[in-house]
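# I would like the atomic coordinates for the input below:
(2 chains)
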Amino acid sequence: MDYLLEALHVTKVFGSLKANDDVTLKVKPGEIHAFLGENGAGKSTLVKMIYGALQPTSGEFRWMGKTVTIPSPAAARKLGVGMVFQHFSLFEALTVAENIALAMPGAFDMRKLSGRIARVSRDYGLPLEPSAVVADLSVGERQRIEIVRCLLQEPKLLIMDEPTAVLTPQEADQLFITLQRLASEGCAVIYISHRLEEVKRLCHNVTILRHGKVVANVDPGRETAASLARLMVGGDIHVVKSAREDRRGAARLKLDRLRLPADGPFAVELRNISLEVRAGEVVAIAGVAGNGQQELFDAVSGERSLAQAAMLVIDGKPMGHDGVNTRRNAGAAFVPEERLGHGAVPAFTLSQNVVLTRHSSDAALVRSGLVSSGGAAGVSERIVRDFDVRKGKPDPEARSLSGGNLQKFVVGRELDRRPGVLVINQPTWGVDAGASATIRQAIVDLARQGSAVLVISQDLDEIFEIADRIAVISRGELSEAYPASGLTSEKIGLLMAGAHEIRQTSGKETAHAARA
Amino acid sequence: MRLVLEKRAGASGRMAILSPLIAIALTLITGGIIFALRGLNPFSALYVFFAEPLTTSWSVEQLIVKATPLAMIGAGLAVSYMANVWNIGAEGQLTAGAILGSAVPVFFPEFQSPLTLVLMLALGIAGGMAWASIPAFLKNRFGANEILTSLMLVYLIQLMLDWLVRGPWRDPKGYNFPKTIAFTDWQLLPQFQVLPPSIGPIYINLGAIFAVAAAVALAFMMGRTLKGYELRVQGIAPRAGRFSGFPREKTVWFCFLLSGGLAGLAGICEVMSTVGQLQPGISPGYGFTAIIVAFLGRLNPIGALVAAFALAISYLGGESAQVALGISDKTARVFQGILLFYILACDSLILHRLKFIGRRPRLAEAEA
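Here you go, the predicted model:
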């Protein structure tokens, strides 16, 4: 038995799309094996087949040398395969132990289970309090619950789907130690990522996928980040030219002690957020997901109204009480995180979606209450041309576009207006490298032409690529904005963990801050 | 072997059109089975129920009479449901409109001029709007579920109608029957002859013209105007609607006032034509049946106009089945319920497809 898992000529077809095309790869026990590829390269499809959530169209899997079919995740777990998904499936109102108990087969003794959880989490350096309620935990801690849940079933193979996307650099370091420890005990790890540095640092073996095919199987130690990137995208990636310089223009967007109460038991309250974005600069807000980014976007865009008009000032005008359209008419533009259902209506065509954000600011789109479909089509064609949106039909429904192309459209729709202030949440989330580069370049170009740009992002590489100044949000509080040139990712990591939080807190909350 | 619903890649345009037709076919089959179980010949029973109402000019006239309120209310509900505002209380708004409009002949029986007609219709619309504004206010102010509030208000206004016609508004010369005085002249809707006597004279009243006008106007609003765009966005992607800057509270008001106003108009038109006075039971559940009309018409106002005829047949069929077959006219309600059930079931085929899964994977799981 040389290999734990072998995939032989595995093909998965969805309609006319070959998500995996004749994939052959081998994973040894105790090996950390990376699947590297752009979004849509077929990584997720492949691991879903290994985990039994999907069935291959043709080809076979071998487990410890024997041919197996894996009809369901339950069968996969029985074989010894565990998986930690990118999106956690946890009940926020339950405790850590209760969440884990829900996933355990058969009867269990709650007290014994808590003991096992405590032991496993200690052994593998995954500090967890079994009686803590999930809603109070950071994303990193929630991920630990998922990992511990897998480890309790003593897996031989652990699949991690982009685990560091939601972690601070320090949390990621801790995770790597855990994974290395697991590997040293003989457990194989399949590690899905598109972060090259991480893969180089952690993994023993890399399988690179492109358009569903295996294009290379290499030793990451012998490759550079650049050579891995070339294999991944099949060419050189466009480098964003930001021509960073300190042009201190007038403040075009100003947040002044902005406060917003939480609108649900698990929502984040914004406290005393102050920030100035000047003409000509890109300011980025870094932070781990779920620390108030969504709330901040809603407050700045006007989807939620503020208590005082002066909390939000656009080009010198207090606009905290105004709705999103009034702010748009004052020259601001907004791009939300979620493309489908927020930034665009999935069932509407692209030209209908043009009307969504421009009906009040664009006189050519609406004449005396009637929507001008010709006017909308004209704008849509211009956006498609300028931002190289690839589509199958002349005017397709938004949901039929790939993530990257729809994002180019949604960003293009706002940039096409030449806004004086642009606020954009997760500009390249789930977008392939080519489209990301186009979007980032367009954002930087807009700022250099005199607009103020505020970017909210979880992707530190992206932030360092485009931002002139960086602030960090953590549990609803925003740090000072520091010049990007003077910041390291370590310093940002500390800020993400709440080093700047100055709020006077009770003992319980301080303990949380320390743990987070 | 098991049957699963699998999500389609996109909405199926073919199924969106086929779904109501499949639903109608399934309703007929189920109806045939029910008739057969009662010991009737299913084919002749279905003929009596669904085809006979179309054979004489008199019954075509009746069909239009029944379809008029259904189309008028259904078109308003279609717009409202499209925007994700669930007005279930059209029956109550219909009643409120009928009551308020009837106040004119009850209090001023001598007031006879074209203005009487206009005033009664306007008060009918106002009554429906006023009754619909209660759930709209409760929804916006307290977040109360409009499905519950609008439905419960139906029973309230029906009891108020009952009290009025048995008490203060009762016709003093009406031998104690629970009804108001009979309306006359300008208190009734004018009638028009649309087909010459050679084909069979068919008369329609002003209400039918209102129904067509309302459906066409609402279809234009939904398809071409920014208001229609706003309502559609809020219905299919509420988050995008908020991002678009369309205030949700205004939409709730708009939809309730629109659908309530049309229901009120349908109510006053009923008492000003077929009924001719205010009495309990002015509507055989038009406000509830219009919900089915809206869905059968694909939440499209023009579609509602077409669907209104399909449901009107079920009312007439119920009446003729009572006479010819000796079964309860409540059978019509059964058919309407079955139809709604099948439409909603078939609509899931627009976004999903049925797929049979063989046994093999189960066995493999046992081996693993």
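# Look up how far A:Leu454 lies from the closest residue to A:Leu253 other than its chain neighbours.
What sits nearest to A:Leu253 in space, not counting adjacent residues and going by Cβ to Cβ, 6 or more residues apart in numbering or on different chains, is A:Val277, at 4.3 Å. Where C-beta positions appear, they are placed from N, C-alpha and C, glycine not excepted. According to Cβ to Cβ, to the nearest Å, A:Val277 stands 5 Å off from A:Leu454.
# re the thing from before, show me the contacts for the residue nearest to A:Leu253.
A:251-254, A:283, A:421, A:452-454 (Cβ atoms under 8 Å, 6 or more residues apart in numbering or on different chains).
# Include secondary structure when you put the residues you listed into a markdown table, please.
As requested, the contacts of A:Val277 are exported to a markdown table (DSSP: H, G, I helix; E, B strand; the rest coil):
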| residue | secondary structure |
| --- | --- |
| A:Ala251 | strand |
| A:Arg252 | strand |
| A:Leu253 | strand |
| A:Lys254 | strand |
| A:Val283 | strand |
| A:Val421 | strand |
| A:Ala452 | strand |
| A:Val453 | strand |
| A:Leu454 | strand |
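# Just the closest of those residues to B:Ala51, please.
Of all the contacts of A:Val277, B:Ala51 sits closest to A:Val421, with 65.9 Å by Cβ to Cβ.
# correct me, but that closest one touches A:Gly316?
No: counting by Cβ atoms under 8 Å, no contact exists between A:Val421 and A:Gly316, whose distance comes to 11.6 Å.
# what sits in contact with each of A:Val277 and A:Leu454?
Between them, A:Val277 and A:Leu454 share the neighbouring residues A:253, A:283, A:421, with contact defined by Cβ under 8 Å, 6+ apart.
# Closest to chain B out of those residues?
Sorting these by how near they are to chain B, with Cβ to the nearest Cβ, puts A:Val421 at the top with 16.0 Å.
# Grab the nearest non-local neighbour of the closest one.
Spatial nearest neighbour of A:Val421, chain neighbours left out: A:Ala332 (4.2 Å); criterion: Cβ to Cβ, 6+ apart.
# Show the model's pLDDT score for that neighbour.
According to the prediction, A:Ala332 has pLDDT 94.
# That one and chain B, how far apart?
Noted for A:Ala332: a distance of 12 Å to chain B, by Cβ to the nearest Cβ, to the nearest Å.
# Near residue 349, how many other residues are there?
Picking chain A for this. For A:Thr349, the tally of surrounding residues (other Cβ atoms under 10 Å in any protein chain shown) stands at 19.
# sorry, should have said chain B
Using other Cβ under 10 Å as the criterion, B:Leu349 is surrounded by 18 other residues.
# Okay, buried residues for whichever strand or helix holds it please.
B:Leu349 is part of helix B:331-351 when elements are defined by DSSP states H and E. The neighbour-count criterion (16 or more other Cβ atoms under 10 Å in any protein chain shown) identifies B:331-336, B:338-340, B:342-343, B:346-347, B:349-350 as the buried residues of helix B:331-351.
# ok, A:Ala333 - contacts?
Residues in contact with A:Ala333, defined by Cβ under 8 Å, 6+ apart, are A:357, A:414-415, A:417, A:419, A:421-423.
# Chain B: which of the residues you listed is nearest?
When the contacts of A:Ala333 are compared for distance to chain B (Cβ to the nearest Cβ), A:Thr357 comes out closest, at 6.5 Å.
# From the contact counts, what lies against the strand or helix carrying the closest one?
Taking DSSP H and E as the definition, one finds A:Thr357 inside helix A:350-358. With contacts defined as 3 or more Cβ pairs under 8 Å, 6 or more residues apart in numbering or on different chains; DSSP states H and E, the secondary structure elements packing on helix A:350-358 are helix A:373-386, helix A:403-415, helix B:226-236, helix B:238-243.
# okay, these, which one's buried deepest?
By mean neighbour count, with neighbours taken as mean count of other Cβ atoms under 10 Å in any protein chain shown, helix A:403-415 ranks first of the helices and strands packed on helix A:350-358 at a mean of 24.
# Would you write a PyMOL line that selects the buried entries of the contacts of A:Val277?
Isolation of the buried members of the contacts of A:Val277 (16+ other Cβ under 10 Å) is achieved in PyMOL through the command below:
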select buried, chain A and resi 251+252+253+254+283+421+452+453+454
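# Dump the contacts of A:Val277 into TSV; add pLDDT as well.
Rendered in TSV, the data for these read as follows (pLDDT from 0 to 100):
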residue	pLDDT
A:Ala251	90
A:Arg252	93
A:Leu253	94
A:Lys254	93
A:Val283	95
A:Val421	95
A:Ala452	94
A:Val453	95
A:Leu454	96
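# Mind picking the two most distant members of the contacts of A:Val277?
Farthest-apart pair in those is A:Lys254 and A:Val453; separation 14.1 Å (Cβ to Cβ).
# Relative to the centre of chain A, find the outermost residue for me.
The outermost residue of chain A relative to its centre, with distances by Cα atoms, centre = their mean, is A:Ser368 at 41.3 Å.
# May I have the phi/psi pair for that one?
Summarising the backbone geometry of A:Ser368 under the convention degrees, to the nearest 10, its torsions are phi 40, psi 50.
# contacting residues around residue 274?
I went with chain A, as the question did not name one. Contacts of A:Ser274 were listed using Cβ under 8 Å, 6+ apart, and they are A:255-258, A:478.
# that's the wrong chain, I meant chain B
In this structure, B:Thr274 makes contact with B:Val65, judged by Cβ under 8 Å, 6+ apart.
# where does it land in three-state SS?
The assignment at B:Thr274 comes out as helix when based on three-state DSSP.
# that older thread, and A:Glu154, which of the helices and strands packed on helix A:350-358 is closest to it?
When the helices and strands packed on helix A:350-358 are compared for distance to A:Glu154 using Cβ to Cβ, the nearest one is helix A:403-415, at 36.4 Å.
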